[in-house]
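Colleague: Fold the following, please.
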Amino acid sequence: MNADAPRRLEAVADSHPFPLLFATISGAHLYGFASPDSDYDLRGVHVLPASHALGLDPGPWTIQVERKEDDGFELDLVTHDALKFFKLMLKKNGYVLEQLHSPLVVRTTPEHEELKAIARDCVTRFHNFHYLGFAETQWRLFDKERPRRVKPLLYAYRVLLTGIHLMQTGEVEANLPRLNESARLSHVDDLIARKVAGRERETLDDADAPFHRREYERLRAELEAAGASSRLPEHATARAALDDLLLRLRQGERR
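Modeller: Predicted coordinates:
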């Protein structure tokens, strides 16, 4: 991480127009394969006051800010209001769970910790469909480009291994190097090393593509099997707890 990045990220969080429940770093930095020129993906939840949530023109439910500074520092901030984020948690959306559980924390609150505890009751065996779909999107992106890039290939591996881990353990883990400690895929370690030492648009030789296609198909089948055999529940059971937290946040009852 850029040595000056924490200060800049804090400044962006400080400038947000609404109180933040949390703000964490996502993207390549969370996934463990950021290049020296990777931008920073800051994700989080803001809390609209009742006057903004209940009026004739409610919102904004989502706020996005992009910054690109002269020294090459790039940042993309996206936050959702608590209502929108909580609804996403109740769907088969692994992406918001990864943001919530990211260990790269820029802003936190006691309610952030409460929300992470509630999130355990949002994980279902049907989250495997989220990861299967995300992996397919990344594989198609990788396979259609010429020259093919390392980044979408790493995303495909990361998504598949995250999904398998979630189906087997119920735990959200988005960091590819940590996931690969168990998977022990040497070619994934090699790709990570290339991306971390290289550029955001690092490319791959065409001759390597057939091997990675076979690995993608193998891991995809493993994720499908893990979803079918998972002991995770079929439905989220956190709706009441999320509703209670949302009402307290709207009423300003912060712990």
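
Colleague: so where does Arg178 fall, helix or strand?
Modeller: Using DSSP states H and E, the element containing Arg178 is helix 176-183.

Colleague: pLDDT (mean, whole number) over that helix?
Modeller: Helix 176-183 shows a mean pLDDT of 98.

Colleague: repeat for stretch 2-19
Modeller: Stretch 2-19 carries an average pLDDT of 93.

Colleague: With only the CA atoms kept, save that stretch in CSV.
Modeller: Extracted in CSV, the C-alpha atoms of stretch 2-19 (Å, rounded to 0.1, in the frame of the first residue of the first chain):
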residue,chain,number,x,y,z
ASN,A,2,1.2,3.5,-0.8
ALA,A,3,2.7,5.0,2.4
ASP,A,4,0.5,8.1,2.0
ALA,A,5,-2.7,6.1,1.2
PRO,A,6,-4.1,5.8,4.7
ARG,A,7,-4.1,9.6,5.2
ARG,A,8,-5.7,10.2,1.8
LEU,A,9,-8.3,7.5,2.4
GLU,A,10,-9.2,9.0,5.8
ALA,A,11,-9.6,12.4,4.3
VAL,A,12,-12.1,11.0,1.8
ALA,A,13,-14.0,9.3,4.6
ASP,A,14,-14.0,12.6,6.6
SER,A,15,-15.4,14.5,3.6
HIS,A,16,-18.4,12.2,3.2
PRO,A,17,-21.7,14.1,3.5
PHE,A,18,-23.3,11.6,5.7
PRO,A,19,-22.2,9.6,8.8
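
Colleague: Distance from the helix or strand just after the helix holding Arg178 to the middle of the chain?
Modeller: Moving toward the C-terminus from helix 176-183, the first helix or strand encountered (DSSP H and E) is helix 186-197. Between the centre of helix 186-197 and the centre of its chain there are 20 Å (CA atoms, centre = their mean, to the nearest Å).

Colleague: Which secondary structure elements does helix 186-197 sit against?
Modeller: Contacts defined by 3 or more CB pairs under 8 Å, 6 or more residues apart in numbering; DSSP states H and E place helix 186-197 against helix 150-169, helix 176-183, helix 209-229. (Each C-beta comes from the backbone N, C-alpha and C, glycine too.)

Colleague: So Ala119 is in contact with Ala241, correct?
Modeller: No. Using CB atoms under 8 Å, Ala119 is not in contact with Ala241, being 9.7 Å away.

Colleague: could you check the angle helix 150-169 makes with the helix holding Arg178?
Modeller: In terms of direction (axes from the mean of the first three to the mean of the last three CA atoms, to 10 degrees), helix 176-183 departs from helix 150-169 by 50 degrees.

Colleague: on contacts alone, who are the packing partners of helix 176-183?
Modeller: Contacts defined by 3+ CB pairs under 8 Å, 6+ apart place helix 176-183 against helix 150-169, helix 186-197.

Colleague: Could you give the average pLDDT over the helix or strand where Leu83 lies?
Modeller: If you go by DSSP H and E, Leu83 is part of helix 82-89. For helix 82-89, the mean pLDDT works out to 98.

Colleague: Touching it from outside, list them.
Modeller: For helix 82-89, contacts defined as CB atoms under 8 Å, 6 or more residues apart in numbering pick out 21, 45-48, 53, 61-62, 80, 96-97, 100, 119, 122, 236, 238, 242, 245-246, 249.
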